[in-house]
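>>> Sequence and predicted structure are below.
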Amino acid sequence: MIKNNKWLGKKLAIIAMSAMMVASVGIVIPNQYTYAAEAGAPAGGEVAEPETSKDTDIVLTGVNAPVAKYGEATTIGFVAKVKGEGYITSISPVVSDTFPFESNDAAYMVVEGDATTTELKANYNFMVRSDVATGYQAVEFNIEYVKNGTPLSIVKTVNVKFEGAPEPTEEVEEPTTEAPVSTPRVIVTGYKTDVEKVLAGEKFQLTLYLQNTSNRTAVSNMKVSLETTGGEFLPTSGSSTKYISSIGAGQTAEITVEMSALATLEPKPYILTVNCAYEDNKLNPFESVENISIPVYQEAKITVTEVSVAPDRINLYDQGSVSFSINNLGSSVLTNVQARVEGDTVECEDCFIGNIAAGSTGYADVMVTGVAETTDDGIVKLIIIYEDSAGEECTYEEEITVFVAEEFFEEEFYDYTEEPAVGMAIGGWIIGLLVAFLVLVAVIVVVVILIVKRKKRKALEEAEALEDEIDEELLLDADKEN
């Protein structure tokens, strides 16, 4: 927990404490009689040695101390860690006449801990004095802690490299006292598009996030211009310039532009340059240039032609062939192309085709096996699997017709209509009459059998109908009784 107490009281307390430090090491010497009584020393025995602070009690890690330039802000950060049993209660800068920073609120800010704080992080945003000398200088921090129940304190130093104001030359009659202008930086922290993929020939909305990295200077009257080296992205409104009235210190603004990617772009990333022209609060002009990379993808376009099935009807449990052409109509290569046929009547394994260049045709011959007889129109699916320019797996489907039927065997019949031999010509008319009579008798028998079967079937149907009527009446009677 970080608190800013009233700076005057804290300043007096820190100065008083700093004056009591000896050789940059604080020492707490309790009354020996009181210490002996509290420690439970025996009567007339030895007095226990009082607990004192040691330079090794506190260790500073993760020290961040960049070069501090005169008249500019800088940040000094570190983590104070107590070694052994104990905890850190507070950290505060030691302000003296040689303190290299302005005596503002940050100089008297106290970072506080509690009884559980074995590591305490401190970050101080100081303003470097304009008269600071060039070179390394130790910045002191007073660290109060408790060890073995005894409150202690110690002063730790952080070495900081300072860059002072340049010495005036002989040509300059009077040295300037005005601090140099700090350049406020505006950077592109990120972007997003309203589509998952930017496709060549398609429109998309681009949103840019611009941040003013200065923590004390606002920027205003900003003009943002977008451009590409080859005109790969063009604004749909005709203007590639946007205006932002102002961005506060440390704040972020965003702009949205609808753009279109050229249809002839190859699938790869393209650089979009963001030019920013703006002013600070003193109307000083500044410019910044940022580049972002936008990947462009080509939409895969394929067709299937010249589909043929051999044989026209595949025998059940036999193999057949489905051949066809795959035409790549897009502007990117189709990689790892595979094909298969799926349906209830056929089975097959995937057929690997390979890569098909843009504007080229690939040929496939898929072997299928008939596993069930076709009972409908014979429609099955021809499935093409490939990877697009982004390396993502895509699927193309088309319906084709494949018939599967049981194998048909033609029976051999003996031709009884051949001409009789010469020796049998005599009496042939008698045999013909006999054959005709037998055929007539057979027809009569068949007709009689059909009539008998029809009567039996009709009688059976009437009996079943009568039985159903009786069952219905019984059900009605039962319902009435209930």
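Looks like it arrived, so ask away. Numbers count the residues shown, from 1 in each chain.
>>> distance between the ends of stretch 327-339?
13 Å (C-alpha to C-alpha, to the nearest Å).
>>> Please apply the same query to stretch 306-318.
First-to-last distance for stretch 306-318 - C-alpha to C-alpha - comes to 23 Å.
>>> mind showing which ranges of the chain have poor pLDDT?
In the predicted model of the chain, residues 1-50, 168-182, 408-428, 481-482 satisfy pLDDT under 70.
>>> Which helix in it has the most residues?
The helix that spans the most residues within the chain, counting by DSSP state H, is helix 428-481.
>>> Against which helices or strands is that one packed?
Using 3 or more C-beta pairs under 8 Å, 6 or more residues apart in numbering; DSSP states H and E as the contact test, no helix or strand touches helix 428-481. Every residue, glycine included, has its C-beta placed from N, CA and C.
>>> Measure how far that helix is from the centre of its chain, please.
Relative to the chain's own centre, helix 428-481 is displaced by 77 Å; criterion: C-alpha atoms, centre = their mean, to the nearest Å.
>>> repeat for stretch 279-293
With C-alpha atoms, centre = their mean as the basis, stretch 279-293 stands 31 Å off its chain's centre.
>>> again, but for stretch 389-403
27 Å.
>>> who's in contact with that stretch?
197, 267, 297-298, 300, 302, 304, 307, 309, 312-314, 320, 322, 324, 332-333, 335, 341, 343, 345-346, 368, 374, 377-388 (C-beta atoms under 8 Å, 6 or more residues apart in numbering).
>>> give the contact list for the most centrally placed residue in the chain.
Nearest to the mean C-alpha position of the chain, by C-alpha atoms, centre = their mean, lies Glu196 at 10.4 Å. Glu196 makes no contacts at all, as judged by C-beta under 8 Å, 6+ apart.
>>> Likewise for Asp365?
Counting by C-beta under 8 Å, 6+ apart, Asp365 touches Ser321, Val322, Ser323, Cys351.
>>> how is this protein carved up into domains?
2-163, 186-297, 302-405 (automatic domain parsing).
>>> nearest to Glu462, of those domains?
Ranking the domains of the chain by their distance to Glu462 (criterion: C-beta to C-beta) puts domain 302-405 first, at 35.6 Å.
>>> so which helix or strand takes in the residue lying closest to Ser103 once chain neighbours are set aside?
Spatial nearest neighbour of Ser103, excluding adjacent residues (C-beta to C-beta, 6 or more residues apart in numbering): Val95 at 6.4 Å. According to DSSP states H and E, Val95 maps onto no helix or strand at all.
>>> Can you name the residues bridging to Val337?
Gly354 (DSSP bridges).
>>> Now for it: which residues touch it?
By C-beta under 8 Å, 6+ apart, the neighbours of Val337 are Ile326, Phe352, Ile353, Gly354, Asn355, Ile356, Gly362, Ile384, Ile385, Tyr386.
>>> isn't the fourth one right up against Gly362?
It refers to Gly354. Yes - counting by C-beta atoms under 8 Å, Gly354 does reach Gly362; the two are 7.2 Å apart.
>>> Please say which of the two ends up with more neighbours.
Comparing Gly354 with Gly362 by other C-beta atoms under 10 Å, the one with more neighbours is Gly362, at 20 against 10.
>>> you'd agree the more buried one is up against Phe324?
No - Gly362 is beyond contact range of Phe324, at 9.6 Å (criterion: C-beta under 8 Å).
>>> that older thread, of the contacts of Asp365 - the most surrounded one?
That'd be Val322 among the contacts of Asp365, by other C-beta under 10 Å, with 24 neighbours.
>>> doesn't it fall inside a helix?
No - assessed with DSSP: H, G, I helix; E, B strand; the rest coil, Val322 is strand; it does not lie in a helix.
>>> Turn the domains of the chain into a markdown table, including distance to Ile444.
Below are the domains of the chain laid out as a markdown table (distance: least, C-beta to C-beta, whole Å):
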| stretch | distance to Ile444 |
| --- | --- |
| domain 2-163 | 115 |
| domain 186-297 | 81 |
| domain 302-405 | 39 |
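>>> what's the neighbour count on Val195?
Residue crowding around Val195 was assessed by other C-beta under 10 Å; the count is 11.
>>> which residue sits closest to it, ignoring its sequence neighbours?
Once flanking residues are discounted, Val195 sits nearest to Phe204: 5.0 Å by C-beta to C-beta, 6+ apart.
>>> give me every residue that touches Thr74.
Contacts for Thr74 (C-beta under 8 Å, 6+ apart) come out as Pro66, Val67, Ala68, Asn125, Phe126, Val128, Val160.
>>> where exactly do the strands run in the stretch 251-400 of the chain?
252-261, 269-279, 285-297, 302-310, 313-315, 319-328, 334-342, 346-348, 351-356, 361-370, 379-387, 393-401 (DSSP state E, counting those that start in this stretch).
>>> now these in a markdown table, with distance to Lys242?
Converted to a markdown table, the strands of the stretch 251-400 of the chain look like this (distance: least, C-beta to C-beta, whole Å):
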| stretch | distance to Lys242 |
| --- | --- |
| strand 252-261 | 5 |
| strand 269-279 | 10 |
| strand 285-297 | 14 |
| strand 302-310 | 40 |
| strand 313-315 | 64 |
| strand 319-328 | 39 |
| strand 334-342 | 39 |
| strand 346-348 | 56 |
| strand 351-356 | 42 |
| strand 361-370 | 46 |
| strand 379-387 | 38 |
| strand 393-401 | 36 |
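>>> returning to what we had before: which of the contacts of Val337 count as buried?
Buried members of the contacts of Val337, scored by 16 or more other C-beta atoms under 10 Å, are Ile326, Ile353, Ile356, Gly362, Ile384, Ile385, Tyr386.
>>> between those residues, which is nearest Asp280?
Looking across those and measuring by C-beta to C-beta, the closest to Asp280 is Tyr386, at 54.7 Å.
>>> Confirm for me that that closest one is in contact with Leu334.
Yes - if you go by C-beta under 8 Å, Tyr386 and Leu334 touch, sitting 4.4 Å apart.
>>> what do those two both touch?
Jointly contacting Tyr386 and Leu334 under the rule C-beta under 8 Å, 6+ apart are Ala300, Ile302, Ile356.
>>> can you count the residues close to the second one?
Look at Ile302: counted by other C-beta under 10 Å, it has 19 neighbours.
>>> Tally up the residues packed near Gly84, please.
10.
>>> Just say helix, strand or coil for it.
Gly84 - assigned by three-state DSSP - is coil.
>>> Angles on the backbone of Glu202, please.
Main-chain dihedrals, Glu202, degrees, to the nearest 10: phi -110, psi 160.
>>> which residue sits closest to it, ignoring its sequence neighbours?
Ala261 (6.3 Å).
>>> Figure out the length between the terminal residues of stretch 365-377.
End-to-end distance for stretch 365-377, by C-alpha to C-alpha: 23 Å.
>>> Could you pull out the buried residues of that stretch?
If you call a residue buried by 16+ other C-beta under 10 Å, then stretch 365-377 has these buried ones: Val366, Val368, Thr369, Gly370, Thr374.
>>> ok, now stretch 294-314?
Going by neighbour count (16+ other C-beta under 10 Å), the buried part of stretch 294-314 is Ile294, Val296, Tyr297, Gln298, Glu299, Ala300, Ile302, Val304, Val309, Arg313, Ile314.
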